[in-house]
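Engineer: what follows is a predicted structure for the sequence shown.
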Amino acid sequence: PTLAVSSPKKSKKELKPLSNEEWNSLFETAKKSNDMFLPLLVEWATGMRREEILGLRWHDIALDKKILSVTNVVIVTKDGPKFNEPKSKSGYRQIPVPEILISELKRHKTAQASIKLAAPIWQNHNLVFCREDGSLLDPRRFSHKFGDIAKAAGVKCSFHDLRHDHATRLFAQGKHPKDVQYRLGHSSISMTLDTYTHHVPTRQNDIADWLETTVPTMVTS
């Protein structure tokens, strides 16, 4: 009997980018937290995965060249958070970032140095984002904390949704799919295109406008 029945199609979650007002609300709320504003700014500027941000070490950041390198991640294990390698070769990448992020990173590095000197015990993993003793942050607790900030800001999104937001903003500005793929660390261009390109309907209007300018003269005569 099931031969005549079509299987239900898998529906994709609508990936709606945040408005400027929503981003401003998130940043304003995050500023009230001593440890969430900068990770949020990193996400806004890079579209990195949560575990990649938590795995950032200072030697992964070329402050003078304005480049963040993804070389490892922090994952959840039964024994707590642990360092691990990116899931695929494409996960290793270098991401150019704007000056505003570099300025905030420099400020954070100076503040962290003072905390390190004052701490009675410090686990020197050289992490950009860490606990009070220098140890690894738990990705689950990090996401939960962001959820509290999003709720307080009146913005309905998860931290992973911000990664989607980064991609849709790039496509909306006409950035090349291969560049977006590299920035996100996708293993294939099809993953990038299938997930994001349908969120840029103006590209079809651009094609129609271009076709209007190239109409053969015999059509209009």
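Structural biologist: In hand now; what should we look at?

Engineer: the nearest residue to Val155 once chain neighbours are set aside: neighbour count?
Structural biologist: Spatial nearest neighbour of Val155, chain neighbours left out: Glu22 (4.8 Å); criterion: C-beta to C-beta, 6 or more residues apart in numbering. The way it works is simple: take the backbone N, C-alpha and C, and place the C-beta from them, glycine included. Neighbours of Glu22 under the rule other C-beta atoms under 10 Å: 17.

Engineer: what sits against Glu22?
Structural biologist: By C-beta atoms under 8 Å, 6 or more residues apart in numbering, the contact list for Glu22 reads Ala153, Val155, Cys157.

Engineer: between those, which sits nearest Ile95?
Structural biologist: Cys157 (21.4 Å; C-beta to C-beta).

Engineer: on that earlier part again, surely the residue nearest to Val155 is in a helix?
Structural biologist: Yes - with DSSP: H, G, I helix; E, B strand; the rest coil as the criterion, Glu22 is located in a helix.

Engineer: so it versus Ala172, what's the distance?
Structural biologist: Distance of Glu22 to Ala172, given as C-beta to C-beta, to the nearest Å: 15 Å.

Engineer: residue ranges with poor pLDDT in this protein?
Structural biologist: Within the chain, the ranges that satisfy pLDDT under 70 run 1-15, 197-204, 218-221.

Engineer: do a quick rundown of the helices in it.
Structural biologist: 20-30, 37-46, 50-54, 99-118, 139-153, 159-172, 177-184, 189-196, 202-213, 217-220 (DSSP state H).

Engineer: if I look at Lys66, how far off is His160?
Structural biologist: Distance of Lys66 to His160, given as C-beta to C-beta: 25 Å.

Engineer: same question for Lys78.
Structural biologist: 23 Å.

Engineer: burial measure for the nearest residue to His186 once chain neighbours are set aside, as a count.
Structural biologist: Nearest residue to His186 in three dimensions, chain neighbours excluded: Thr192, at 4.9 Å (C-beta to C-beta, 6+ apart). For Thr192, the tally of surrounding residues (other C-beta under 10 Å) stands at 21.

Engineer: equivalent analysis for Ala62, please.
Structural biologist: If you count neighbours by other C-beta under 10 Å, Ala62 ends up with 13.

Engineer: picking up where we left off before, for the helices of the chain, state which one has the densest average packing.
Structural biologist: Comparing the helices of the chain by mean neighbour count (mean count of other C-beta atoms under 10 Å), helix 50-54 ranks first with a mean of 23.
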